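K.L.:
Sharing a model prediction with you, sequence too.
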Amino acid sequence: MKLPQNKQPRSCVLVTGGCGFIGTNYILREIERRNVKIVNLDKCAYSANPQNLAAAEKTDRYTLVQGDICDIDLMGDLLNDVRPAAIVHFAAESHVDRSISGPEIFVQTNMVGTSRLLEATRRHWSKLGAEEQSSFRFLHVSTDEVFGSLGADDPAFTEETPYAPNSPYSASKAASDHMVRAYHHTYGLPTLVTNCSNNYGPFQFPEKLIPLMIRNAMAGLKLPIYGDGLNVRDWLYVGDHCDAIATVLDRGRCGETYNIGGHAERTNRQVVETVCRLLDERAPLGHGKWYSDQVAFVTDRLGHDRRYAVNTEKIERELGWKPTVSFEQGMSETVQWYLDQRAWVSSVTTGEYRNWISRQYESLQTA
Ligand code: DAU
């Protein structure tokens, strides 16, 4: 029997960075929904958690390979062995604050790593037959931060917005996007690039705003809001993002870039208020206490981008994708997930995490 089109995916997909937050959600979704094999290449650095993928491991369609995208020989051998029909490239250093305190690893992983992965892929792809070459895809997962910062009334970023990255993180992602573009233009490698807004949802490492606030609130710690808390981000539920990636991989046009957003602009104050309200409802402190009592306005992030907003007309028009999870629904599910997964939170907030939190937050002044 022939499987229907959407159940008949590529035979094997190589995912990089699949033990991180978005990669984990993507692999779990793909393994559950499609008859696909996934090989996950992950360095297993500080924010990666192989246990996230326990459900995938129970199938015979998932394999974890521990290794670094900077190791071009390893990448070459892996591509020869696996012969993937597509690569979905998530592996990246992604925390802006860490890029401010130490840019070098961002240059290494995001710029050098992506370049080496592209080169290994080009060598492999150039030896394939014509049919395999034309169906092959290299999908690079990137960020809206490459476009810089918007003023309150500026129109949202489109795919044509000029790049203007402001942090070492976004500069390193911009450089990697340019390398992907160059490999398409120069060698004809069938590439796709996605630029997404701020993701949130299950399995996000608690150094980013939403899980950090949930974790701190539950632990009775301060909720540190940078500056005046009026910076705006567009919030995209990770499940919607993963659907968008799958859609672009299936139907995106090679050489194109697609913006992905959640249609949910919120100030950081609004985000933290939402976390506090949901926790007050579900895990009340009692004794006249509220989670919002823990909010502290602290020294602003250096070079802090004021606003991001994403115009998603292109992916909606061309590929028929749009976000389906509202901010309210996504936040409700996310807060509940963290309440239910206290053991997971404890398991990922050990030594390295605690060192980072004390380095990052102890020196910040409270307003
Ligand atoms: O826009 C997409 C990008 O979103 C991704 O490419 C990045 O990998 C991802 O980290 C995210 O970047 P942000 O810098 O916007 O995310 P973060 O969660 O670090 O911060 C969100 C906002 O919250 C930002 O305005 C800074 C603020 N913030 C963050 C932290 C960690 C605080 O006020 N306090 C905090 O403790």
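P.N.:
That came through, no problem.
K.L.:
Identify the residues contacting the residue with the largest distance to the centre of the chain.
P.N.:
Relative to the mean C-alpha coordinate of the chain, counting by C-alpha atoms, centre = their mean, the farthest residue is residue 287 (38.6 Å). Residues counted as contacts of residue 287 (C-beta atoms under 8 Å, 6 or more residues apart in numbering): none. For every residue, glycine as well, the C-beta is placed using N, CA and C.
K.L.:
What helix or strand is it located in?
P.N.:
Residue 287 is part of no helix or strand, with elements assigned from DSSP states H and E.
K.L.:
State the phi and psi torsions of it.
P.N.:
Note on residue 287: its backbone torsions stand at phi 50, psi 40 [degrees, to the nearest 10].
K.L.:
ok now do the residue nearest to residue 327 when sequence neighbours are not counted, which residues does it touch?
P.N.:
Across the structure, with C-beta to C-beta, 6 or more residues apart in numbering as the measure, the residue nearest residue 327 apart from its sequence neighbours is residue 264 (3.9 Å). For residue 264, the contacting residues are 234, 235, 236, 323, 326, 327, 330, by C-beta under 8 Å, 6+ apart.
K.L.:
can you list the residues of the stretch 101-250 of the chain near the ligand?
P.N.:
If contacts are counted using C-beta under 6 Å from any ligand atom, the residues of the stretch 101-250 of the chain sitting beside the ligand are 143-145, 197-198, 208-209, 212, 224-226, 231, 233.
K.L.:
Where does pLDDT dip in this protein?
P.N.:
For the chain, the stretches with pLDDT under 70 are 1-10.
K.L.:
Which positions in stretch 65-74 come out as buried?
P.N.:
Applying a neighbour-count criterion of 16 or more other C-beta atoms under 10 Å, one finds 67, 68, 69, 70, 71, 72, 74 buried in stretch 65-74.
K.L.:
er, stretch 229-238 I mean
P.N.:
By 16+ other C-beta under 10 Å, the buried positions in stretch 229-238 come out as 229, 231, 232, 233, 234, 235, 236, 237, 238.
K.L.:
what's the farthest-apart pair in these?
P.N.:
Put simply, by C-beta to C-beta the two of the buried residues of stretch 229-238 set farthest apart are 229 and 238, 23.4 Å from each other.
K.L.:
Do I have it right that residue 199 meets residue 239?
P.N.:
No - counting by C-beta atoms under 8 Å, residue 239 is not a contact partner of residue 199; they are 9.7 Å apart.
K.L.:
Of the two, which one has the most company?
P.N.:
Residue environment comparison for residue 199 versus residue 239 gives the larger neighbour count to residue 199, 24 against 20, counting by other C-beta atoms under 10 Å.
K.L.:
Quick check: closest non-adjacent residue to the more buried one.
P.N.:
By the measure of C-beta to C-beta, 6+ apart, the closest residue to residue 199 outside its immediate chain neighbours is residue 238, 4.8 Å from it.
K.L.:
and that neighbour, what does it touch?
P.N.:
The contact partners of residue 238, by C-beta under 8 Å, 6+ apart, come to 21, 22, 25, 199, 200, 201, 202, 203, 204.
K.L.:
can you check residue 13 too?
P.N.:
The neighbours of residue 13, taking C-beta under 8 Å, 6+ apart as the test, are 30, 36, 37, 38, 39, 84, 85, 86, 87, 88.
K.L.:
Also residue 141?
P.N.:
Contact criterion C-beta under 8 Å, 6+ apart gives 22, 88, 89, 90, 92, 194, 196, 245 as the residues in contact with residue 141.
K.L.:
Make CSV out of the residues you listed and add neighbour count and secondary structure.
P.N.:
Conversion of these to CSV gives the following (neighbours: other C-beta atoms under 10 Å; DSSP: H, G, I helix; E, B strand; the rest coil):
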residue, neighbour count, secondary structure
22, 24, helix
88, 30, strand
89, 26, strand
90, 23, coil
92, 25, coil
194, 23, strand
196, 25, strand
245, 26, helix
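K.L.:
Closest one of those residues to the ligand?
P.N.:
residue 196 (6.3 Å; C-beta to the nearest ligand atom).
K.L.:
separation between residue 235 and residue 308?
P.N.:
Counting by C-beta to C-beta, to the nearest Å, the gap between residue 235 and residue 308 amounts to 10 Å.
K.L.:
Common neighbours of these two, please.
P.N.:
When C-beta under 8 Å, 6+ apart defines a contact, the residues bordering residue 235 and residue 308 alike are 197, 198.
K.L.:
next structured bit after the helix or strand hosting residue 100?
P.N.:
Counting by DSSP H and E, the element that carries residue 100 is helix 96-101. From helix 96-101 onward toward the C-terminus, using DSSP H and E, the following helix or strand is helix 104-106.
K.L.:
For that following helix, enumerate the helices and strands it packs against.
P.N.:
If contacts are counted by 3 or more C-beta pairs under 8 Å, 6 or more residues apart in numbering; DSSP states H and E, helix 104-106 sits against helix 96-101, helix 168-187.
K.L.:
starting at the chain centroid, how far to the first one?
P.N.:
A distance of 16 Å separates the centroid of the chain from that of helix 96-101, by C-alpha atoms, centre = their mean, to the nearest Å.
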